[in-house]
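Peer 1: return a 3D structure for these sequence lines:
(2 chains)
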Amino acid sequence: GAGVSQTPSNKVTEKGKYVELRCDPISGHTALYWYRQSLGQGPEFLIYFQGTGAADDSGLPNDRFFAVRPEGSVSTLKIQRTERGDSAVYLCASSYNRAAGELFFGEGSRLTVL
Amino acid sequence: AQKITQTQPGMFVQEKEAVTLDCTYDTSDPSYGLFWYKQPSSGEMIFLIYQGSYDQQNATEGRYSLNFQKARKSANLVISASQLGDSAMYFCAMREGGGGGFKTIFGAGTRLFVKA
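Peer 2: Predicted coordinates for the structure are as follows:
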């Protein structure tokens, strides 16, 4: 597709369960970002990939959160032992690897932990 | 560490008037980029305008302009001739360039209400 694709668009899970969120970036974009956005807040940086490697994972809140991008394209954000505080919209964005390149965002995955 | 501050949680503007949304930033990197994004109630993030730290002139894109004051570390967004469709959340963002990688961080946002 032409844009950034995120699946699922909505995920409801129970506390303690494992969740995977997928992001398919725009073809040719080497940089991929994950953000978390709570209602009425700005996107909170989680992790940034340059190709296959995580160039900066300083925003991951704890070791329950992990992300991979094994082939330098699709990325998966993995959350173990989910907590109610993990409920948010998880945004993925991609861009060209240059300072002036704007981010192209997906529509987000809304995670609700009951 | 990078930091973006947007001090206006909400702003009101009359249709057809201009409005300025404030943004200040903090970075020790001499090379950086500043961005503004719009997020309507539908949730998608829309890129509006970009300003590089070495750009001599303020960026403009249609009705959007960026008032870049480097010494004051401010990058205010000016929207001219406001339209009802401009009602949305607006986020200022900064990306450090070069050796700092291209991590982009966002401010808390300003919600703009355009009144008819």
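Peer 1: contacting residues around the residue nearest the centre of chain A?
Peer 2: By C-alpha atoms, centre = their mean, chain A has its centre lying nearest to A:Trp34, at 3.2 Å. The contact partners of A:Trp34, taken as C-beta atoms under 8 Å, 6 or more residues apart in numbering or on different chains, are A:23, A:46-48, A:67, A:75, A:77, A:90-92. Where C-beta positions appear, they are placed from N, C-alpha and C, glycine not excepted.
Peer 1: and the closest residue to A:Ser95 other than its chain neighbours, what's its pLDDT?
Peer 2: In space, and not counting its chain neighbours, A:Ser95 is closest to A:Gly101: 4.2 Å by C-beta to C-beta, 6 or more residues apart in numbering or on different chains. Listed pLDDT for A:Gly101 reads 78.
Peer 1: I'd say A:Gly101 and A:Thr30 touch.
Peer 2: No. At 9.8 Å, A:Gly101 and A:Thr30 do not qualify as touching, with contact defined as C-beta atoms under 8 Å.
Peer 1: and residue 90, how many residues sit next to it?
Peer 2: With no chain named, the answer covers chain A. Burial of A:Tyr90 is recorded as 23 neighbouring residues (other C-beta atoms under 10 Å in any protein chain shown).
Peer 1: please go with chain B instead
Peer 2: B:Tyr90: 24 neighbours (other C-beta under 10 Å).
Peer 1: any idea what it is bridged to?
Peer 2: B:Lys38, B:Thr110 (DSSP bridges).
Peer 1: would you mind naming what in chain A lies close to chain B?
Peer 2: A:31, A:33, A:35, A:40-45, A:48, A:50, A:55-56, A:58, A:89, A:91, A:93, A:95, A:97-105, A:107-108 (C-beta under 8 Å from any C-beta of the partner chain).
Peer 1: thinking again about what came up before, show me the contacts for the residue nearest to A:Ser95.
Peer 2: A:31, A:95, B:102.
Peer 1: and the last one, helix, strand or coil?
Peer 2: Under the three-state scheme (DSSP: H, G, I helix; E, B strand; the rest coil), the conformation of B:Phe102 reads as coil.
Peer 1: now do the contacts for it.
Peer 2: Contacts of B:Phe102 (C-beta under 8 Å, 6+ apart): A:31, A:48, A:50, A:55, A:95, A:97-99, A:101, B:95-96.
Peer 1: can you flag the buried ones in those residues?
Peer 2: Buried subset of the contacts of B:Phe102 (neighbour count, 16 or more other C-beta atoms under 10 Å in any protein chain shown): A:31, A:48, A:50, A:55, A:95, A:99, A:101, B:95-96.
Peer 1: so which of those residues sit within strands?
Peer 2: The members of these that map onto strands under DSSP state E are A:31, A:48, A:50, A:55, A:95, B:95-96.
Peer 1: may I see those residues arranged in CSV, with distance to B:Ser74 and pLDDT as well?
Peer 2: Output for these, formatted as CSV (distance: C-beta to C-beta, whole Å; pLDDT from 0 to 100):
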residue, distance to B:Ser74, pLDDT
A:Ala31, 27, 90
A:Tyr48, 25, 91
A:Gln50, 30, 88
A:Ala55, 28, 85
A:Ser95, 24, 90
B:Arg95, 17, 89
B:Glu96, 17, 78
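Peer 1: tabulate these (a markdown table), appending distance to B:Phe113.
Peer 2: Shown next, in a markdown table, are these (distance: C-beta to C-beta, whole Å):
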| residue | distance to B:Phe113 |
| --- | --- |
| A:Ala31 | 34 |
| A:Tyr48 | 33 |
| A:Gln50 | 39 |
| A:Ala55 | 38 |
| A:Ser95 | 30 |
| B:Arg95 | 28 |
| B:Glu96 | 32 |
